[in-house]
Every structure is written in structure tokens, then in C-alpha cells.
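A.B. asks: Can you look at this prediction? I've put the sequence above it.
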Amino acid sequence: SVAVSFAAARMEQTLDVLTLPSGHSFGQNQAMPKNPLDSLHTSVSASITLAVLHAASRLGVDRAQLMSACELHDSQLSDPDARVPFATQEQLWQHLSRIEHAEPGLALGCNLAPGPFSVLGYLLQSSPTLGDALAAGLRYQRLVGEGGEVQLREQGEELQLLYRPLHPELPATRTRVLALMACWVQMLHPLLDNWQLLRAQFVHPEPPTLDSYRETFACPLQFAASDYGIVLPRSLAKAPLIQANPPLQNLLRQHAEALLARLPSEGLSARVVALLGEQLARGEPDRSELARHLHLSERTLQRRLADEGCNYQQLLNDTRQQLAEQHLSTGDLPAAEIALLLGYSEPSVFFRAFRQWTGLTPGEYRARQKAQ
């Protein structure tokens, strides 16, 4: 049982730090890695598409007619992990923007249930704190869709969750983004006790009527802003979630990492880094296993990484260095345990590697970070 507990802790700690490019810290502006938006691979999950259809049905929209108009078929939605072209879902939002409602997006978003979002929705619900949930949402947002870029910013006592949509000039984008923002609020309600938004902000001008906005967000509203987003008190990042379930979260993270690694990305190196995060949680990474997962030979893997100006060992070292620095900066784990979390069989090997990366021992680096 001790071994199982340690393995679970190792999985959670390693992946928690890999959640964002700059680590699990709210002291910097954080964003998802940019995706090849507008490429042929831009897509959304079948689960979110299905959830949108369910929400439309609750508002009285004929589902069969809607699917026919968008050339959607039930076979595309049978697997929750399947993908639907983003262009197809844009057609869906275009039709939904014509619903008879002051703000169709808000009406749809308030009827979106988080469960149908498949692994990401359940992963957010099972996170220990709101900060963990937001970090997971940033890392795995591509699993839901590639319709825009999510950013997390900290300014003073504010925690700003912002969204920059793809194709902001299209009228249907307003409906889509408002539905997303309303859904964020709906997902937060069952997770936290006694919380309130500081502000909700919108790129479009103030509409003639604000009733649906006030009902949905229950906070001050800002229009003609530079970004869409909701603003929370910074202190909520450490708030424990009501439905926290660390063992379930560990399993969901493993599944999410595997799904993320399969998505087309800007390059092979991004997929390798995602798979290294998954392998490090289990111990020493295996290059041959990673190559098999990508359906490549080891030689082809090395050649294609070289075409992108990097190599496997460089990506492994960079990933380990990032994890090590974040563990030492944000936690109190002994350096020997951090070595195990990074897949090193001996702490001494980690100590030598860390000195090569930074010119400091792990203890010296931690002391310097605390002093700063």
C-alpha cells in the first residue's frame, strides 16, 4: 500500500508541475501553447459537440434539423474522444446564433452540463483546489476544442481567466464565446462554496439589455474590453474543491495525457514532450516505447526530431529541468524524492545533472528561490 500511495503521489506531483509551460505557479501570465489554428487539423471533441446539441434541445431546437443543417451525423458523435472539424462546429454555432433570445450564447451556456465534456470535465471536478483545476483546464483545453486560446493572468488580487477566440470577426463567435463563459460559471458553482466573480468582461459593445448577463454572472460587467474573460479573487486559487478526489484525478490525468499526445500539434517535439510527461510519472522514460506509441521507429523518431532542430535527449533534459526547478521553487519535497519523480534511479545522478543545468546544487537553488 505504501508503494501504491507513493506511485499515486508521484503521478500527481509530476503532472501537476508539467501542467503549464511556466510551471504550476500563478505569479506569471500563463497560456496554452499556441496551436496550429486554421490548419486542417483544427478540431473539437465529439463530447462538447454532443453537449451543445443537448443544450440546444433543452431550448426547443429540433436536433435532427440542426444536425442536418450542419451535416453532422450520429456516427461522428458515438465516441466521446472522437474529433469533429472546427469548421463543422462553427456552422453549428452559426445556426444557434439565430435562436430567439437576447443572447443565445448565454442561454446555451447555462444549459451546458460539464459531464459530457468527457475526461476534462471530470478531471476539473476531481482536482484538489481551484488552482489545480484551472491549471488542468489550461493544459488539457485542446481535448475539448481548438477554437481559441485560454490564458490565465494574475494581476494584483485578481485571477483572470481569459479567452481569445479563433475568427473573432464572425458574428457566431460571440454566441460561442458567451456560451463558453457561461459554462465556466456553471462548472464553478458545484465546486466551491461562498464565491463570487469580481468581474466579467466582453469584447463586444454593451447590448441594449443586460438582464441575461446579470443573471448569469452576478457581478460587475465590462464591455468593449480587450479580451473575453471572467475575473476571480486571487485567493480562490488555493480554495479546496468540494468534489476533490485525488485517486480519480490521477487516473484521469493519465488518460488525458495519452489523449493529448495523440492530437496533431505544431510538431513532433510537442507530442514527445507530452509523452515524456506521462512516462516520467512511471519512472525512467523508455525511448523505444515512446517511438512505438507514435508509430515510428527509433531511427525515424530521431531523424524527424533533428528536422525540427532538437533531439530526444535534449527534450528529456529540458523537461526534467523544468520539473526540477518547479518542484524546488514551489514545494518542500526533499531533493532525493524529486530525483525519483524525475525518473532517476539514483539521487546522485540528478544532483550532477542539476548542477550542469543551473550551476547550483538543488539545495542552493531552493534557497535562492526562497530568498527571492
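C.D. replies: Good, I have the coordinates.

A.B. asks: any idea how far stretch 340-348 is from the chain center?
C.D. replies: Stretch 340-348 has its C-alpha centroid displaced from the chain centroid by 28 Å (C-alpha atoms, centre = their mean, to the nearest Å).

A.B. asks: From the opening residue of it to its closing one, how far?
C.D. replies: 11 Å (C-alpha to C-alpha, to the nearest Å).

A.B. asks: Buried residues in it, which are they?
C.D. replies: 340, 341, 342, 343, 344, 347 (16 or more other C-beta atoms under 10 Å). For every residue, glycine as well, the C-beta is placed using N, CA and C.

A.B. asks: these two touch, right, the fourth one and residue 283?
C.D. replies: Just to be clear, that refers to residue 343. Yes. If you go by C-beta atoms under 8 Å, residue 343 and residue 283 touch, sitting 5.3 Å apart.

A.B. asks: hey, where'd the strands end up in the chain?
C.D. replies: 30-31, 43-45, 83-85, 148-155, 158-165, 199-201, 221-222, 228-233 (DSSP state E).

A.B. asks: Compute the inter-axis angle for the fourth one and strand 228-233.
C.D. replies: Angle, strand 148-155 to strand 228-233, by axes from the mean of the first three to the mean of the last three C-alpha atoms, to 10 degrees: 30 degrees.

A.B. asks: which helices and strands sit right next to strand 148-155?
C.D. replies: Applying 3 or more C-beta pairs under 8 Å, 6 or more residues apart in numbering; DSSP states H and E, one finds that strand 148-155 makes contact with strand 30-31, helix 130-144, strand 158-165.

A.B. asks: that older thread, just give me the lowest mean pLDDT stretch among the strands of the chain.
C.D. replies: Lowest mean pLDDT of those: strand 30-31, a mean of 38.

A.B. asks: picking that back up, go through the helices and strands packed on strand 148-155 and name the closest to residue 67.
C.D. replies: helix 130-144 (19.8 Å; C-beta to C-beta).

A.B. asks: What's the mean pLDDT across the closest one?
C.D. replies: Across helix 130-144, the average pLDDT comes to 87.

A.B. asks: Just the C-alpha atoms of that helix, please, in CSV.
C.D. replies: What follows is helix 130-144 as a C-alpha-only set of coordinates in CSV (Å, rounded to 0.1, in the frame of the first residue of the first chain):
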residue,chain,number,x,y,z
LEU,A,130,-9.3,25.6,-7.8
GLY,A,131,-5.8,26.4,-8.8
ASP,A,132,-5.2,22.7,-9.7
ALA,A,133,-8.5,22.7,-11.7
LEU,A,134,-7.5,25.9,-13.7
ALA,A,135,-4.1,24.5,-14.4
ALA,A,136,-5.6,21.3,-15.7
GLY,A,137,-8.0,23.2,-17.8
LEU,A,138,-5.2,25.1,-19.4
ARG,A,139,-3.1,22.1,-20.1
TYR,A,140,-5.9,19.9,-21.5
GLN,A,141,-8.1,22.5,-23.1
ARG,A,142,-7.2,21.2,-26.5
LEU,A,143,-9.1,18.0,-25.6
VAL,A,144,-12.3,20.0,-25.7
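
A.B. asks: I'd like to know which elements that helix is packed against.
C.D. replies: helix 2-18, strand 43-45, helix 119-126, strand 148-155, helix 246-262.
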